[in-house]
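Asker: Attaching a predicted model along with its sequence, questions to come.
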Amino acid sequence: MKGSKSRSILPGFGLSLGFTIFYLSVIVLIPLAGVLIKTAGLTWEQFWDTVTNARVLASYRVSLLTALTAAIINLVFGLLIAWVLVRYRFPGKKLIDSLVDLPFALPTAVAGIALTAIYAPNGWMGQFLEPLGIKVAFSPIGITIALIFIGLPFVVRTVQPVLQDLDKDVEEAAVMLGAYRWRTFRRIIMPELLPPLLTGFALAFARGIGEYGSVVFISGNMPLKTEIAPLLIMTKLEQHDYQGATAIALVMLVASFIMLLIINYLQWRSNRRVAVG
């Protein structure tokens with residue numbers, strides 16, 4: 001009938017949309033707005049002095065560099081692990097596949113204590129690395145290892161389903177046409193894997209920037225050396241400097257948001273290339 005309003009195939013759209021907006025507002029938007037409102041209580045000079053303090057800048061550097069390094073390492077080895085789990089059959093495959101999710105289930109504080117016990121100067125691995133001049137615990141290397149541990153599942157679990165759904169007939173056709181293995185991987189497989197790889201990288205990087213529990217033990221928390229931004233935020237909260245804490249958090253939030261925008265743009269470009277190709 002003309003003029004009648006078209007009805008949605010799935011009922012309850014209005015209710016579902018309202019609940020979604022309400023849920024996101026309570027869980028995400030309102031807390032973020034609270035950070036902005038609390039920080040707005042500072043004057044520009046106070047805000048600038050807080051976020052450009054030498055100790056704060058050092059914590060930014062440690063958090064960003066270790067999270068970025070860990071995410072890049074996870075990008076490479078996460079792809080390798082996902083490839084092995086999907087393309088090969090071997091004894092203990094299901095056990096290894098389940099171990100990938102261990103960082104999700106293990107409390108981060110427990111992971112931090114375990115890694116510290118292993119890599120401390122008198123630990124299982126640290127006692128062999130220390131004579132070689134390699135200090136892992138209480139150094140940026142230890143922080144990076146902790147972030148690799150908690151970030152690896154993000155890459156593996158985003159790449160694994162895409163690998164499982166890849167059409168092997170296309171790869172076989174490329175081989176039959178004379179393409180070498182590396183060229184087949186680079187021209188056929190990699191364009192399909194690039195979007196999930198970027199997604200896994202973004203998730204691992206974002207998790208690493210805000211990680212606290214697994215890092216606080218192995219870092220040593222030395223100001224200007226191994227102190228991370230989340231720990232500095234906690235320190236200011238304990239000192240009842242709430243505006244200073246939210247100022248530091250706001251800078252981290254903006255940095256993470258910019259990084260996610262860049263990665264989403266790269267994902268959009270890679271998806272567009274795959275669709276055009």
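Answerer: Looks like it arrived, so ask away.
Asker: residue contacts, the closest residue to Lys93 other than its chain neighbours?
Answerer: Nearest residue to Lys93, sequence neighbours excluded (Cβ to Cβ, 6 or more residues apart in numbering): Leu85, at 6.7 Å. Placement of C-beta: from N, CA and C, glycine included. Residues counted as contacts of Leu85 (Cβ atoms under 8 Å, 6 or more residues apart in numbering) are 93, 96-97, 100, 156, 160.
Asker: Repeat the analysis, applying 10 Å as the threshold.
Answerer: Contacts of Leu85 were listed using Cβ atoms under 10 Å, 6 or more residues apart in numbering, and they are 93-94, 96-97, 100, 156, 159-160, 163-164.
Asker: quick one: it from Val110, how far?
Answerer: Separation of Leu85 from Val110 (Cβ to Cβ, to the nearest Å): 25 Å.
Asker: With Thr43 instead?
Answerer: Taking Cβ to Cβ as the measure, Thr43 falls 42 Å from Val110.
Asker: Quick one: residues contacting the residue most central in space within the chain.
Answerer: The residue lying closest to the centre of the chain (Cα atoms, centre = their mean) is Ala204, at 1.6 Å. Counting by Cβ under 10 Å, 6+ apart, Ala204 makes contact with 67-68, 70-75, 78, 147-148, 150-155, 158.
Asker: hang on, the earlier thing: more crowded one of Thr43 and Val110?
Answerer: Val110 (12 against 9; other Cβ atoms under 10 Å).
Asker: host element of the more buried one?
Answerer: In this assignment (DSSP states H and E), Val110 forms part of helix 108-119.
Asker: got the end-to-end distance for stretch 120-131?
Answerer: 12 Å (Cα to Cα, to the nearest Å).
Asker: quick revisit: sort out for me which of the contacts of Leu85 are in helices.
Answerer: 93-94, 96-97, 156, 159-160, 163-164 (DSSP state H).
Asker: re earlier: and the pLDDT for the residue nearest to the centre of the chain?
Answerer: Per-residue pLDDT puts Ala204 at 92.
Asker: From Met234, how far out is it?
Answerer: Going from Ala204 to Met234 by Cβ to Cβ gives 22 Å.
Asker: Equivalent analysis for Val100, please.
Answerer: From Val100 to Met234 the distance is 30 Å (Cβ to Cβ).
Asker: continuing past the one helix or strand in the chain whose mean pLDDT sits lowest, what's the next helix or strand?
Answerer: Ranked by mean pLDDT, DSSP states H and E, the weakest helix or strand in the chain is helix 168-176, scoring a mean of 65. Downstream of helix 168-176, the first helix or strand assigned by DSSP H and E is helix 181-184.
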